[in-house]
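Trainee: Sharing a model that was predicted from the sequence below.
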Amino acid sequence: MDFAQIKSHNSFHDCWIVINGKVYDVTKYLDEHPGGSEVIMSLAGGDATSEFNDIGHSKSAIKTLDQFEIGVCGDSKPVIRETVSWFHRLYTWFFPDLCLMNKDETKTVTLESKEQLTHDTIRLTFAIPGNMNLGLKCGQHIVCYNGDHQRKYTPTKTNQCEFELVVKVYPDGKLSPFLNQMNVGDTLLISGPSGRHSYNGNGEFSSANKMMFTNNIVFICAGSGITPVYAILDQIANPDKDTIYTKLLFVNKTENDIILRKELDEFAFRNASMTNYYTLTQPHDEWSGLVGRPSAKMISDIVSEERNETVIVCGSSEFNDAISSICLELGYTKDNLILF
């Protein structure tokens, strides 16, 4: 199949997409997609490889996709949708010397400080050259490089001239050991921005090309999935105007694994509208918090009876699938859910 043919199948009643060179007719799947039909429709008739890989999907989700395969794309020049947002283009047009990030280019930043947060997690602060900012929306991530290896990380804080990365170090990881071995003054190659979801402030989210407004948010995350959540909470904890009510359910193995706990507790201490819940799968005898993986009962005990919150989920693809399924069973709709 060529892309001229694929491009014409771009309606709700006739929707084809290309992922990794394979063509899929996902028309019948639109209403079943956990992220909502709008996510797929924004890519209808085009190459969705970048977005599909960017979000991350479980093995079961990839297997589900197999049943919709109808062929392969033989064209050498795929029809790729615009990957740089109009906001970013306008920003860089009017302020070319102030914005570092461009998804089509790599840039070099310098390690300014390094801090050990937990036994296997570090916080790295990078200086941005030229008195610029990243041009990154809250909750979006950047791509970090080490030779042929690359990985996406969400900055927990960004401001003029610097940004922070909180990194969980895996001994067999492709990039985290390299970041762990960096010394102050070393440089890192990055690109971005990346990610289809962002927080714009005052209860406004951009999600899959649509706007969502809420003053009531439940965050459910696991492990290093706290990083985009923390970035959003950091903004909410210092609001410009409207009060946003938040509840955080944070899952970890042990108490020592809880990343950024001091900062999270400070948010809740300073803001009566913010509540944190911690649950451990391997608690010690003195642990007084929640125990186990999030269940329907655990989540139901935290959320409102009306199910009127926006639920933000961030973890592995398997974790996101499991939590979104529980939330749907509890009465939330796809419109209530954002999977980071």
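Mentor: That came through fine.

Trainee: longest helix in the protein, by residue count?
Mentor: For the chain, the longest helix by residue count, based on DSSP state H, is helix 317-329.

Trainee: Helices of the stretch 151-300 of the chain, start to end?
Mentor: Applying DSSP state H, counting those that start in this stretch to the stretch 151-300 of the chain gives helices spanning 176-180, 226-236, 261-270, 296-302.

Trainee: got the angle for the longest one vs helix 261-270?
Mentor: Angular relation of helix 226-236 and helix 261-270 on a 0 to 180 degree scale: 30 degrees, by axes from the mean of the first three to the mean of the last three C-alpha atoms, to 10 degrees.

Trainee: how far out from the middle of the chain is helix 226-236?
Mentor: Chain-centre distance of helix 226-236: 11 Å, with C-alpha atoms, centre = their mean, to the nearest Å.

Trainee: and that helix, average pLDDT?
Mentor: Helix 226-236 shows a mean pLDDT of 94.

Trainee: Tell me the helices and strands packed up against it.
Mentor: strand 162-168, strand 197-201, strand 216-222, strand 245-252, helix 261-270, strand 310-314 (3 or more C-beta pairs under 8 Å, 6 or more residues apart in numbering; DSSP states H and E). Where you see a C-beta, it was placed from the backbone N, CA and C, and this is true even at glycine.

Trainee: Then the shortest one?
Mentor: Applying 3+ C-beta pairs under 8 Å, 6+ apart, one finds that helix 176-180 contacts strand 121-127, strand 141-146, strand 162-168.

Trainee: hey, least reliable of those strands by pLDDT?
Mentor: Sorting those by mean pLDDT places strand 141-146 lowest, at a mean of 91.

Trainee: Relative to that one, what are the paired strands and their orientations?
Mentor: Here strand 141-146 has these sheet partners by DSSP bridges: strand 149-153 (antiparallel), strand 187-194 (antiparallel).

Trainee: want to try CSV for these, with distance to residue 171 as columns?
Mentor: Putting those into CSV (distance: least, C-beta to C-beta, whole Å) gives the following:
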stretch, distance to residue 171
strand 149-153, 15
strand 187-194, 20
